[in-house]
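show me how the following folds:
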Amino acid sequence: MNQSDIVETAHAMADAARDAILPWFRSGDIGVENKADATQSYDPVTHADRAAEKAMRAVLAERRPDDAILGEEFGASSGRTGLIWVLDPIDGTRGFVSGTPTWGVLIALSDDNGPVYGLIDQPYIGERFEGGLGRAEMVGPRGRQPLNTLGNRALSEAVVFTTFPEVGTKAEAAAFRAVAQRAQFARYGMDCYAYALLAAGQVDLVIEAGLNAYDIQAPIAVIHSAGGIVTDWQGGPAHHGGQVVAAAGRMQHRAALEILAEYS
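Residues are numbered from 1 along each chain as shown. Okay, the predicted model is just below:
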């Protein structure tokens, strides 16, 4: 595995996605469509989502054509290297549609064991969070800074995030509320930016359900590199999506799993 080439390719994709997305953000007609199925009421996609994924795929076609790809908008393509790029061109399209800068571009590189490298990029704010292959840092308005989670804290001191107050099913929502009621406070609606904040040492827990692989693989790589933990609600691997707990330390992780187990 040529690590420098992988990192350069990932940043080239993030740059290309930024260029494709920003002209659409907070603009007039962004081409919103609802791609919801029978299990959802609203699942938006925009011109920017599709343009960004096409731009990233073009970078891969030029630089690493033998790697596989899994993208939210254009599905899977096979490869020959045993490596797969997992792409979410805009994680948090509802936020994008409503003009909030909490969405982001997610780029992960995975092998058979899960993600080995990831980027979370917020183009409008100009922040990029990178983790894996010996890297754990962010670049933003204050320059380059290392990523470190908060480490161990009691649940009563913890800040916990999720994207949707309903979380998933009624049982999953009840499980989240049980954790949140014992934490210091909860916040909602941050999409992938919540995971970036956890890696940057700002929050303790992110608890979600109903995720896809492209929603979580980049955050896993970034958070692990910063010293955090990401598992499913049973403490197992989370890179296929579903129910996810991301924690800044083992203390918060263990406390959350114990509560969530009461509802599983």
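
which residues touch stretch 133-146?
With contacts defined as Cβ atoms under 8 Å, 6 or more residues apart in numbering, stretch 133-146 is touched by 3, 6-7, 116-117, 125-130, 147-148, 196, 199-200, 222, 225-227. Just so you know, the C-beta spots here come from the backbone N, C-alpha and C atoms, and that holds for glycine as well.

same deal with stretch 72-85?
When contacts are defined by Cβ under 8 Å, 6+ apart, stretch 72-85 is touched by residues 1, 13, 45, 49-50, 53-54, 56-57, 60, 64, 66-70, 87-89, 107-112, 212, 214.

quick check: mean pLDDT of whichever strand or helix holds residue 219?
Per DSSP states H and E: residue 219 is located in helix 213-225. Averaging pLDDT along helix 213-225 yields 98.

I'd like to know which elements the longest helix anywhere in the chain is packed against.
Counting by DSSP state H, the longest helix found in the chain is helix 3-21. Judged by 3 or more Cβ pairs under 8 Å, 6 or more residues apart in numbering; DSSP states H and E, the packing partners of helix 3-21 are helix 47-63, strand 84-91, strand 104-111, strand 114-122, strand 127-132.

tell me the buried residues in that helix?
If you call a residue buried by 16 or more other Cβ atoms under 10 Å, then helix 3-21 has these buried ones: 6-7, 9-18, 20-21.

quick one: which of the residues you listed is nearest residue 184?
residue 14 (33.1 Å; Cβ to Cβ).

quick check: the gap between the closest residue to residue 210 other than its chain neighbours and residue 39.
Leaving aside its chain neighbours, residue 210 sits nearest to residue 168 (4.6 Å; criterion: Cβ to Cβ, 6 or more residues apart in numbering). As judged by Cβ to Cβ, to the nearest Å, residue 168 and residue 39 stand 11 Å apart.

appreciated, that's everything.
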